[in-house]
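K.L.:
sequence plus the predicted model coming up.
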Amino acid sequence: MPLRDHFRPPLDDIASWEEFHGAWPTVIVMALNRKLPPRYVAGPRVHLGAAMEIDVSAYDQDKPASFGRTTGEGGIATATWAPPRPTFDVATDLPDQDAYEVRIHDTRRHRRLVAAVEIVSPANKDRPENRRAFVSKCAALLQEQVSVAIVDLVTTRQFNLYGDLLDLIGQTDPALAADPSWTYAAACRRTRPGETWRFQTWNHALTLGHPLPTLPLWLADDLAVPLELEETYEETCRILRLA
């Protein structure tokens, strides 16, 4: 089914984009928790305000461990899902980010953040300071080896936050044109398969009227599960009766 424009008529006359953005994270969590290994759990988090928050989180409930095996061709084969090769792969180290925050962890359950899905809202793109806050948060998560998926359906703001994230860390994806798509989905991770840190992404431009892609959501260096955006998007539209 096609991607709709949730920010313009006729759809925004039927339902506000806030309704869809509020429901989609829960549907994603339900789909992820059906396929995550037992030691991982996903949970939604929706926060309305100036501060950017993680929309979907995946936690490791135990100590880190290795899963899967490395193929002879340098790819990754896992017991859960074998993701495609990254669309962008470069040797780099991420700059340190200032962090002024308090994080409280449940040590009884050994909860460790390993992955985050960020669903972009118009407020994340409406002014320079909000865009900087969003990409700085993503970079800080990546610095801590938390994989990040950015999903941007906002058609009313002419910015690409994936490109801004690359600018922040001093990289350029050749696949991004001079005028990159305003709607896109990108999975990013920082990994160290050998002696060098690598920054890898799986970037897809989104087009109205076309299906959404499946992204790899990395739980460990050698373990990923599919983030099936099309399936969860359509289920959310069905629940909200968005034709």
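P.N.:
Right, received. Where do you want to start?
K.L.:
what about residue 133, which SS state?
P.N.:
Three-state call for residue 133 (DSSP: H, G, I helix; E, B strand; the rest coil): helix.
K.L.:
ok, now how distant is it from residue 118?
P.N.:
Taking CB to CB, to the nearest Å as the measure, residue 133 falls 12 Å from residue 118. From N, CA and C alone the C-beta is placed, and that goes for glycine too.
K.L.:
cool, and residue 15?
P.N.:
For residue 15, the distance to residue 118 equals 22 Å [CB to CB].
K.L.:
which of the two has more neighbours?
P.N.:
Using other CB atoms under 10 Å as the criterion, residue 15 and residue 118 rank with residue 118 on top: 22 against 15.
K.L.:
helix or strand for the more buried one, which one?
P.N.:
If you go by DSSP states H and E, residue 118 is part of strand 112-119.
K.L.:
roughly how far is that strand from the heart of the chain?
P.N.:
7 Å (CA atoms, centre = their mean, to the nearest Å).
K.L.:
list the contacts of stretch 116-125.
P.N.:
Under the criterion CB atoms under 8 Å, 6 or more residues apart in numbering, residues 7, 17, 21, 24-25, 28, 50, 52, 54-58, 130-131, 134, 138, 141, 146-154, 156-157, 159, 161, 217, 227 lie in contact with stretch 116-125.
K.L.:
mind listing what's buried in that stretch?
P.N.:
116, 117, 118, 119, 120, 121, 123, 124, 125 (16 or more other CB atoms under 10 Å).
K.L.:
may I have it as CSV, with CA atoms only?
P.N.:
Extracted C-alpha coordinates of stretch 116-125, given in CSV (Å, rounded to 0.1, in the frame of the first residue of the first chain):
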residue,chain,number,x,y,z
ALA,A,116,16.3,3.3,19.1
VAL,A,117,13.7,4.2,16.4
GLU,A,118,13.2,7.9,16.0
ILE,A,119,10.0,9.0,14.2
VAL,A,120,10.5,12.6,13.1
SER,A,121,7.9,15.1,14.0
PRO,A,122,7.4,18.6,12.4
ALA,A,123,8.8,20.2,15.6
ASN,A,124,12.1,18.3,15.1
LYS,A,125,12.6,20.1,11.7
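K.L.:
phi first, then psi, for the closest residue to residue 152 other than its chain neighbours.
P.N.:
Nearest residue to residue 152, sequence neighbours excluded (CB to CB, 6 or more residues apart in numbering): residue 120, at 3.9 Å. Phi and psi for residue 120, reported as degrees, to the nearest 10, are phi -70, psi 140.
K.L.:
and residue 176, by the same measure?
P.N.:
As for residue 176, its main-chain torsions (degrees, to the nearest 10) stand at phi -80, psi 120.
K.L.:
same deal with residue 38?
P.N.:
Backbone torsions of residue 38, given as degrees, to the nearest 10, read phi -60, psi -30.
K.L.:
from residue 60, how far out is it?
P.N.:
Relative to residue 60, and taking CB to CB, residue 38 is found at 11 Å.
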